[in-house]
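Novice: Kindly generate the corresponding structure for this input.
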Amino acid sequence: MAAACSLALLWMVTSCAHAAKSSVELLAVNSPPMAMEDEAERGAVLELTMAAVERAGLTTKVTFIPWRRAQEVVTGGKDLLIAPLTWLPSRADRFTWVAPICRMERTIASIRYRIDNLEQARRDRRTLVVGAGSAQEQQLRDWGYPADLIVTTPLGTREADMLASGRVDGWYSGTQQISWRWQREGRTETLIMGTPITIDQIHLGCSRDCDPTLVATLRSAMQSLRDDGTADRILAKYALYY
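Specialist: Have a look, this model is predicted:
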């Protein structure tokens with residue numbers, strides 16, 4: 001009870017202290033089922049982020065731009081929000097990490113082979129498509145996967161086409177992202193999903209130069225959404241979890 005009261009007090013104090021700032025800008029990328037440009041179906045991360053911003057007493061302007069550019073703009077900007085952003089060691093000092101939102105299991109999908117791990121993929125010289133600027137691309141490069149076997153395309157665009165057409169051997173992405181896109185695009189080929197490669201934490205991020213009061217306000221608002229069950233309900237709609 002004491003902890004809950006303290007959290008509520010912090011939320012009220014930081015909200016009031018930040019009242020002078022009435023709106024924030026959020027940069028996002030079309031990445032179903034986490035973030036989508038469709039206003040009727042925003043995606044789990046975007047919907048939850050917007051709910052946190054609203055609960056913090058702010059409004060938000062959402063801008064969808066290519067993901068690599070979005071990260072550069074946010075890193076070099078001030079008080080700019082970004083989501084969905086995966087925490088990676090190579091990204092740790094480039095952003096202010098406001099709050100965790102959900103977890104994302106990542107897998108390699110194929111229509112010809114079962115690819116269970118990167119050692120197998122490297123040995124068999126499998127080409128893997130990933131979204132440009134995505135956590136998947138960064139992970140493959142950080143883990144030393146051969147550069148000539150990494151194929152990039154704008155995130156959330158042609159990955160499914162490239163896999164279905166046989167231009168690549170596998171698609172490395174979030175398991176739910178792959179399944180969602182495959183079904184929504186009406187693909188008839190049977191996907192062969194390998195063993196999960198990793199499970200990562202998806203965050204709401206902010207610029208390195210981010211107002212500490214804004215961070216505290218949004219962090220408290222996100223926690224309150226988890227405490228009252230709103231976050232779980234939003235995530236469950238998209239088969240994601242905290």
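
Novice: Please identify the buried residues of stretch 138-150?
Specialist: 138-140, 145, 149-150 (16 or more other CB atoms under 10 Å). Where you see a C-beta, it was placed from the backbone N, CA and C, and this is true even at glycine.

Novice: Kindly report the same for stretch 185-204.
Specialist: By neighbour count, and taking 16+ other CB under 10 Å as the criterion, the buried residues in stretch 185-204 are 191, 194, 197, 200, 202-204.

Novice: cool, stretch 76-84 as well?
Specialist: Buried residues in stretch 76-84, counting neighbours by 16+ other CB under 10 Å, are found at 77, 79-84.

Novice: Among these, name the ones in strands.
Specialist: Secondary structure assignment by DSSP state E places 80-84 of the buried residues of stretch 76-84 in strands.

Novice: Could you single out the nearest of those residues to Ala236?
Specialist: Within these, distances to Ala236 taken as CB to CB reach their minimum at Pro84, with 16.7 Å.

Novice: The closest one contacts Met34, correct?
Specialist: Yes - under the contact definition of CB atoms under 8 Å, Pro84 touches Met34, with a separation of 4.4 Å.

Novice: Between these two, which contacts overlap?
Specialist: Both Pro84 and Met34 are in contact with 45-46, 202, where contact means CB atoms under 8 Å, 6 or more residues apart in numbering.

Novice: can I get those in a markdown table with distance to Val130?
Specialist: Compiled in a markdown table, these are given as follows (distance: CB to CB, whole Å):
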| residue | distance to Val130 |
| --- | --- |
| Val45 | 19 |
| Leu46 | 21 |
| Ile202 | 16 |
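
Novice: Would you mind putting those into CSV with pLDDT and distance to Arg69 alongside?
Specialist: Converted to CSV, the shared contacts of Pro84 and Met34 look like this (pLDDT from 0 to 100; distance: CB to CB, whole Å):
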residue, pLDDT, distance to Arg69
Val45, 97, 19
Leu46, 98, 18
Ile202, 98, 20
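
Novice: lowest average confidence, helix or strand, in this structure?
Specialist: For the chain, the helix or strand with the lowest mean confidence is helix 2-17, at a mean of 43 (criterion: mean pLDDT, DSSP states H and E).

Novice: Who does the helix or strand following it pair with, and is each partner parallel or antiparallel?
Specialist: Toward the C-terminus, helix 2-17 is succeeded by strand 23-28 as the next helix or strand (DSSP states H and E). Applying DSSP bridges to the sheet, strand 23-28 is found paired with strand 59-64 (parallel), strand 80-86 (parallel).

Novice: What residues of the first one count as buried?
Specialist: This points to strand 59-64. For strand 59-64, the neighbour count (16+ other CB under 10 Å) marks 60, 62, 64 as buried.
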